[in-house]
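In: Based on what follows, work out the 3D shape:
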Amino acid sequence: MRVFILSGILILLACNQSTNKSEAEHPELSKSTTGKHTVIFDTDANNELDDQHALAYLLLNGSDFRIRGITVNATKSGGAIQNHYDEAARIIKLCKSENTIPLYNGADGNFLDIEKNLSQPDFDGHEAVDFIIEEALNHRDGKLVLIPVGKLTNIALALKKEPKIIDHIRIVWLGSNYPKPGEYNQDCDIPSMNYVLSTEAPFEMVTVRYGDPTGTDAIKITQAEINQRMPGKGPKIDNPITGRHGGTYSAFGDYSVSLFDHIDYHSDSKDRALYDLAAVAIIKNPAWATAKLHPCPGFKDGQWIEQPNNFRKITIWENFNGKTIIEDLFRTLDHYEFATQ
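Out: Below you'll find the predicted structure:
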């Protein structure tokens, strides 16, 4: 199946095409000889509060991950790109990683607005996009795992600018309500998702599925549990950060309490889903969810279109063990190991 994009719409043409093995079924394919996954984490860090918890979890899981860098993009609920950069920088500092893990500004705009300017040295998002390309092309030990937990703009731009990175990467995206339409990360830049789907890049979809226990929406935690268990968790820094809602914090756990104190709740139980946490957790331990290879669908006119004869396969993640993933977050904050590059 060959797929083309025309004005952000998926156009489908049939042809035979092979597919790679699934790293989800064979996670050793993306591990280095050290037994660790080498990753780039791509985040709209200032959007809600799940990005921050996923990033802290990643930075403090040094026995499982090498982090080449953190990249940010801007989505509508989190403000301009600098807001996302600043929030990611706060978490990196709280995890004592500001001198070891680099942070790069990515796209403020969307794929269709930026792709025509990729030949310009200072296109929107060039720092993150060029970093992703350089790291991918230079990576030779296993697969470089790209973990986008926002829109796919930076990833799509990197693939558009340098298709050769396809052979060196594994994309694990937190996004979509597949097989239903909607979902924030997807809808913030649908053409970027369509472009990634049109390539041969190994692609895994960590489903969200609002209100459905089979998606990451099930990885919920209450404000009461955060207030009880989070205070003081994580390493302590000497020079406190100023939080995005004010106040000063020397430990990620205390900042987590603040984030939960300033978020909107949609039920009397006052719980929120830590969606993005799942994208990191299932790379660390694939047994914490189920993965299946599926013929790559298309997306057109606001709907998923099944393509059962498509030789290109993607991986769909679902049925997450939310309780175990949440407990591993707390375990990590109690027994942290700093990740390195």
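In: my guess is residue 96 contacts residue 234, does it?
Out: No: contact criterion CB atoms under 8 Å: residue 96 and residue 234 do not qualify, at 9.1 Å. C-beta: built from backbone N, CA, C; applies to glycine.
In: what residues does stretch 118-138 touch?
Out: Residues from elsewhere that reach stretch 118-138 (CB atoms under 8 Å, 6 or more residues apart in numbering): 40, 42, 68-69, 71-73, 102, 104-109, 113-114, 117, 144, 146, 153-155, 157-158, 160-162, 164-165, 168-169.
In: Go ahead and build a PyMOL selection from the buried members of these.
Out: This is the PyMOL syntax for the buried subset of the contacts of stretch 118-138, where burial follows 16 or more other CB atoms under 10 Å:
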select buried, resi 40+42+68+69+71+72+73+102+104+105+106+107+108+109+114+144+146+153+154+155+157+158+160+161+162+165+168+169
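In: What about the contacts of stretch 118-138, which are in strands?
Out: 40, 42, 68, 69, 71, 72, 104, 105, 144, 146, 169 (DSSP state E).
In: pretty sure the second one is touching residue 147, no?
Out: I take that to be residue 42. Yes: the pair residue 42 / residue 147 is scored as a contact, 6.6 Å apart, by CB under 8 Å.
In: intersection of neighbour lists for these two?
Out: Common contacts of residue 42 and residue 147 (CB under 8 Å, 6+ apart): none found.
In: Just the CA atoms of the strand or helix carrying residue 88, as PDB, please.
Out: Assigned by DSSP states H and E, residue 88 belongs to helix 81-94. Taking Å, rounded to 0.1, in the frame of the first residue of the first chain, the C-alpha atoms of helix 81-94 are listed here in PDB:
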ATOM      1  CA  ILE A  81       6.700  27.000  22.500                       C
ATOM      2  CA  GLN A  82       8.700  28.800  25.200                       C
ATOM      3  CA  ASN A  83       6.100  27.800  27.800                       C
ATOM      4  CA  HIS A  84       6.700  24.100  26.900                       C
ATOM      5  CA  TYR A  85      10.500  24.600  27.000                       C
ATOM      6  CA  ASP A  86      10.300  26.200  30.400                       C
ATOM      7  CA  GLU A  87       8.100  23.500  31.900                       C
ATOM      8  CA  ALA A  88      10.400  20.700  30.500                       C
ATOM      9  CA  ALA A  89      13.400  22.600  31.900                       C
ATOM     10  CA  ARG A  90      11.700  22.600  35.400                       C
ATOM     11  CA  ILE A  91      11.300  18.900  35.400                       C
ATOM     12  CA  ILE A  92      14.800  18.300  34.100                       C
ATOM     13  CA  LYS A  93      16.200  20.400  36.900                       C
ATOM     14  CA  LEU A  94      14.000  18.700  39.500                       C
END
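In: Just name whatever secondary elements that helix is in contact with.
Out: Taking 3 or more CB pairs under 8 Å, 6 or more residues apart in numbering; DSSP states H and E as contact, the helices and strands that helix 81-94 lies on are helix 50-59, strand 65-72, strand 103-105, strand 241-242, helix 252-261.
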